[in-house]
Structures are given as C-alpha cells and as structure tokens.
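> sharing a sequence plus its predicted fold:
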Amino acid sequence: MTQATYVVIGNPIAHSKSPLIHAAFAAQFAGHPAVAGFLYDKLLAPMDGFVACVAQFAAAGGRGANVTVPFKEEAFRLTETLSERAQAAGAVNTLQLQSDGSWLGDNTDGAGLVADVLRHIDIQGKRILLLGAGGAARGVILPLLAQEPASLTLANRTFGKAQALIAHFQPNTPIPLQACEFAAVAGQFDLIINATSASLGGERLPIADSVFAPVALAYDMMYGKAETPFLAQAREAGVTQRVDGLGMLVGQAAEAFHLWTGLRPDVAPVLDWMRAQL
C-alpha cells in the first residue's frame, strides 16, 4: 500500500473499484482546499488483524476509511461513536477520524441505495418488498423508511429471521411492516429490492410474478456486465424498470466522500463511466 489519507479495507480487496470512484469524485473538485492532497488506496487487512490494521493506518496519518467484507461488523464494534444509520444497520462501512483520535462509524449503504432508487422512482407512498434478511437488508431499512413508503414487507427463506428483523424496526416507525417467507409473499409491490446473494450463485428467488406491480421498479443490489438472475426474473414477469446495484456502489461512496470532505459529488458521470468499464 502506498501512503494514503483514505483507504478501503477488506479481505480480499484487490478487486475493489473504490479507488477509481473516489479519484473521479476528487477530480470534480480539483483545486478545492477540501481535496488538496486527497489520496485513496486499498488496504488488505489480515482476517484476524482488522483492529491492528486500523490502528496502524491512523498512526500513519489516515483520516478515513471505507470498510468492506468481512469487517463491517467488526468495525461496528471498534467504533466509539456511531451514526443513527450505523446503529440501525449494526454494521459500519465508513470510518472518519475525529479530532480527539477516536473513530466515527457510519453506514452509507442504505443512503446509496435510496439515492440510486430516487433516480428512477419516488419512494414516498410506495409499497416496498425487500427480499432477504441479512446484513445487506438490515443496512437499508432505516433509510428506506425515512422516505415514508406506504408499507415495507420483508421476505426471507426463513420466517424467523425476517420476523426478528422487523421486530427490531417496528417500534420506531408508524409505517406498516410485515415479515414472511418467500413463498408466502402476497399482493403487489411498487419497489422490489433483492438484498439476497442469490444472484451471485445464479439462483432465482421463489416469488410469484404477480408480486410485481404493472409499473414496478425491480432493483438488485448485485451488479455485473450481464443481467442478474433476479432482473431476468423481473423482465420475464413484464417489469420494464430494472436496475442493478452499480449505482448503489457509487452512491454509498458519494456519501462517504461527502462525510470526509463536506463536498457532494455528481454521481451520474461517474456511474456512466463505471458502467462502461464493466
């Protein structure tokens, strides 16, 4: 690793596109004092050495970091101060060094998702179906609820896990929340988000075509050069608005960049550029 003010920490990390994204953001503000000397690199942390790696990075002058798999939960436990969305997510993907030497932990995944969805549809008043009850789903629920949807249904392979996650959020929102298994999903939804890893394994989800409303948006947190299995499933169900997760990746990076610099980058040209690289 070269000397850097900011890094993305993970294991593995060689594949990360974060340095490209943040370099493009910084280039938008060339000459601005907030990005003077802005450097961003990759940092491979040993599987059993995340905390030591973060301490060494701070000692070397590091000011902030993105955290990716498998360290988001460990970053949550490490952090002295947590944002509301990090507390809700139970995971941290962004670290910012404070003036007293402590770390602020944030989670920008949900904000990145919401910002990308809002490029296509308004969320307020919409019926949301969120597929999956793991960390990816948990990280986006609070930002989705902040958009005041009509309802949010969480579906998962096992009912118990979905029910537990809904129980965590229900006391703090007036928005109707529901949990169910995939096969028990009923009704139609305006926004269907795949937060499972099914697309990574080429799997389709056991949900009926009828869950997609006529003008629904199907959103897969996964992305790639080819159409994901979930988006293929949505296309075959007649859904015309289908979006993969590349915009979420760029959007969550934009939130982190704003936290560190106070500057709000233009996501659209960076997303177009990243899309062309796939």
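That came through fine.

> packing partners of the helix or strand hosting Q252?
Q252 belongs to helix 246-261 when elements are defined using DSSP states H and E. Judged by 3 or more Cβ pairs under 8 Å, 6 or more residues apart in numbering; DSSP states H and E, the packing partners of helix 246-261 are helix 18-28, strand 64-67, strand 94-97, strand 103-106, helix 109-117, helix 267-277. Every C-beta, even on glycine, is put in place using the N, C-alpha and C of the backbone.

> try it again at 7 Å.
helix 18-28, strand 94-97, helix 109-117, helix 267-277 (3 or more Cβ pairs under 7 Å, 6 or more residues apart in numbering; DSSP states H and E).

> which other residues reach the shortest one?
Think strand 94-97. With contact meaning Cβ atoms under 7 Å, 6 or more residues apart in numbering, strand 94-97 is reached by 58, 62-67, 75, 79, 103-108, 256, 259-260.

> also stretch 63-72?
5-11, 16, 18, 45, 50, 57, 75, 91-97, 135, 256, 260.

> how about stretch 166-176?
Counting by Cβ under 7 Å, 6+ apart, I141, L145, P149, S151, L152, L154, L177, Q178, A179 sit against stretch 166-176.

> and the third one, how many neighbours?
P149 sits with 20 neighbouring residues when counted by other Cβ atoms under 10 Å.

> what sits against G125?
Neighbour list for G125: P149, A150 [criterion: Cβ under 7 Å, 6+ apart].

> all further residue positions should be reported with the first residue as 620.
Yes, from this point I'll number from 620; that puts the last item at G744.

> all helices of the stretch 770-897 of the chain, in order?
Applying DSSP state H, counting those that start in this stretch to the stretch 770-897 of the chain gives helices spanning 778-788, 848-855, 865-880, 886-896.

> which helices and strands sit right next to the host helix or strand of A671?
Using DSSP H and E, A671 maps to helix 669-678. Counting contacts by 3+ Cβ pairs under 7 Å, 6+ apart, helix 669-678 packs against helix 691-697.

> output the helix it packs on as PDB, nothing but the C-alphas.
C-alpha atoms of helix 691-697 as PDB (Å, rounded to 0.1, in the frame of the first residue of the first chain):
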ATOM      1  CA  LYS A 691     -18.200  -4.300   8.700                       C
ATOM      2  CA  GLU A 692     -19.500  -5.800  11.900                       C
ATOM      3  CA  GLU A 693     -16.000  -5.700  13.500                       C
ATOM      4  CA  ALA A 694     -15.800  -2.000  12.500                       C
ATOM      5  CA  PHE A 695     -19.100  -1.500  14.300                       C
ATOM      6  CA  ARG A 696     -17.700  -3.000  17.500                       C
ATOM      7  CA  LEU A 697     -14.500  -1.000  17.100                       C
END
